[in-house]
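Visitor: prediction below, plus the sequence it came from.
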Amino acid sequence: MNLHEYQGKEILSSFGVNVQRGIVATTPEEAVDAAKKLTEETGTGWHVIKAQVHAGGRGKGGGVKLAKNLKEVEEIAGEIIGMDLVTPQTSKEGKRVHQVLVCEDVYYPGDNEPEEYYMSVLLNRATGRNMLMYSPEGGMDIETVADETPDKIFTEEIDPATGILPFQARRVAFNLGLSGKAFKEMVKFVMSLYTAYDKSDSSLFEINPVLKTSDDKILAVDSKVSLDDSALFRHKDYQEMRDIREEDPTEVEAKEAGLSYVNLDGNVGCMVNGAGLAMATMDLIKFAGGEPANFLDVGGTADAKRVEEAFRLILKDDKVEAILINIFGGIVRCDRVAEGVVEAYKNLGDQIKVPIIVRLQGTNAEMAKELIDNSGLAVESAVLFQEAADKVQKVLS
Ligand code: GDP
Ligand code: MN
């Protein structure tokens with residue numbers, strides 16, 4: 001589950017990581033109140049208004065702006081709230097902004113060279129260990145840094161038995177070229193950042209930029225946090241941070257129906273049981289000259305109700321030109337699934353305008369084929385993987 005910048009900063013702050021202070025606002029009036037409050041607390045006269053959407057690169061899209069007085073706070077908040085923010089990480093339609101974070105300006109006037117660093121904590125899948133990735137080249141795309149100056153990216157692998165050790169945090173501060181007070185602040189920052197990542201069961205913490213102010217404070221100016229969904233049951237308070245307005249509506253619906261569904265760009269809808277078979281099926285579709293329109297795992301119990309729900313999800317996507325159902329009947333018998341398909345088809349009848357190819361393999365596969373073939377519905381059955389691929393190819397050509 002992804003979080004908004006302000007939510008990520010709340011978590012960071014609760015673990016003692018220094019963050020740029022901010023208050024969320026949903027209207028220009030609230031933004032002005034937030035700015036006044038921040039001025040009382042921090043003494044800042046300037047504020048930064050930041051769009052809160054689940055996408056990075058907001059600065060480039062006009063979603064992060066500096067306001068030098070309360071009138072500008074009101075104007076800028078008015079512009080950003082309600083806009084469809086387009087950034088390099090959104091679709092071309094952009095993301096609707098429902099709220100802004102009004103922040104203290106931490107780039108002090110007169111401080112011409114604020115130091116910006118990049119820092120993230122994530123799982124290194126190759127080693128199975130968490131790692132800290134960081135760079136003195138912050139504030140810009142880390143992908144660009146990785147392409148052009150890979151030697152400017154450093155990593156620190158964390159041993160799960162010990163967690164992060166102080167010498168590692170000192171090495172980070174050293175590689176970032178810090179000394180004196182800033183060095184000590186960075187060591188503290190790194191230690192608490194890792195603790196926050198670890199204790200919140202996250203899969204990603206990305207802070208870009210981490211800022212060194214001219215008076216040697218180290219602050220998280222941005223935050224991108226992904227929590228591990230499988231560990232969310234341990235964090236009731238984080239569950240409430242979910243903002244479904246930011247998620248794909250079809251994926252939200254699928255989750256509620258207990259189906260794993262990921263929307264893709266292609267033209268062949270697939271309905272499969274088991275994630276491995278789903279991936280193999282997507283390959284099969286590609287070999288047949290199509291592109292998968294989705295990943296959909298209906299799980300172990302492919303009964304009529306779930307099959308119908310899965311049909312509904314796939315049919316919402318008007319790019320779909322054919323549907324391939326590929327089910328392996330192990331515990332769930334193929335004839336039961338076939339009955340489910342026929343029943344669901346009858347219920348949805350007139351909504352289904354695309355050809356359907358069903359491949360059922362495993363327990364009672366032949367019986368299932370007979371059921372489909374004798375149903376009188378416009379459904380093609382196949383038993384072999386290749387046969388299914390050929391039929392997909394035929395309907396697409
Ligand atoms: P992103 O574009 O979505 O990654 O959003 P960020 O939170 O990283 O902000 C984008 C850029 O806005 C940063 O790289 C900074 O250069 C700038 N910015 C953020 N906070 C402040 C601030 O307090 N003052 C000023 N002047 N600029 C800021
Ligand atoms: Mn950023």
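Guide: The structure has been received and is ready for your questions. Just so it is clear, the model here is predicted, and its values are computed rather than measured. Residues are numbered from 1 along each chain as shown. Ligands and ions are numbered 1, 2, ... in the order given.

Visitor: so which bits of the stretch 101-250 of the chain are right by ligand 1?
Guide: Contact residues, the stretch 101-250 of the chain versus ligand 1 (Cβ under 6 Å from any ligand atom): 103, 105-107, 139, 208-209, 221-222. All C-beta spots, glycine's among them, are computed from the backbone N, C-alpha and C.

Visitor: rerun that using 8 Å as the cut-off
Guide: Within the stretch 101-250 of the chain, the positions near ligand 1 by Cβ under 8 Å from any ligand atom are 103-107, 114, 116, 138-140, 208-209, 211, 221-222, 224.

Visitor: so what's residue 35 up against?
Guide: The contact partners of residue 35, taken as Cβ atoms under 8 Å, 6 or more residues apart in numbering, are 47, 67, 70, 73, 102.

Visitor: from those residues, which land in strands?
Guide: Among the contacts of residue 35, the ones falling in strands (DSSP state E) are 47, 67, 102.

Visitor: can you tell me which of those residues is nearest ligand 1?
Guide: Closest approach to ligand 1 among those (Cβ to the nearest ligand atom): residue 47, at 7.8 Å.

Visitor: report how many residues lie close to residue 22.
Guide: By the criterion of other Cβ atoms under 10 Å, residue 22 has 23 neighbours.

Visitor: please name the bridge partners of it.
Guide: Counting by DSSP bridges, residue 22 forms beta bridges with residue 103.

Visitor: one more: residue 261?
Guide: Beta-bridge pairing for residue 261 (DSSP bridges): residue 296.

Visitor: please tell me the pLDDT value assigned to it.
Guide: If you check residue 261, the pLDDT there is 92.

Visitor: what's the answer for residue 109, then?
Guide: Model confidence at residue 109, given as pLDDT, is 65.

Visitor: swap in residue 178?
Guide: pLDDT recorded at residue 178 is 96.

Visitor: do residue 126 as well
Guide: Looking at residue 126, its pLDDT is 95.

Visitor: mind listing what the closest residue to residue 97 other than its chain neighbours touches?
Guide: With Cβ to Cβ, 6 or more residues apart in numbering as the criterion, residue 97 has its nearest non-adjacent residue at 4.5 Å, and that residue is residue 51. Residue 51 is in contact with 58, 63-64, 80, 83, 85, 97, 100, counting by Cβ under 8 Å, 6+ apart.

Visitor: partners of residue 51 in the sheet?
Guide: Here residue 51 sits in beta bridges with residue 100, going by DSSP bridges.

Visitor: check which helices and strands the helix ranked longest in the chain is in contact with.
Guide: Counting by DSSP state H, the longest helix found in the chain is helix 180-199. Packing partners of helix 180-199 (3 or more Cβ pairs under 8 Å, 6 or more residues apart in numbering; DSSP states H and E): helix 5-14, strand 115-124, strand 129-135, helix 166-175, strand 202-212, strand 218-220.

Visitor: quick one: that helix to chain centroid distance?
Guide: Centroid displacement of helix 180-199 relative to its chain, using Cα atoms, centre = their mean, to the nearest Å, is 25 Å.
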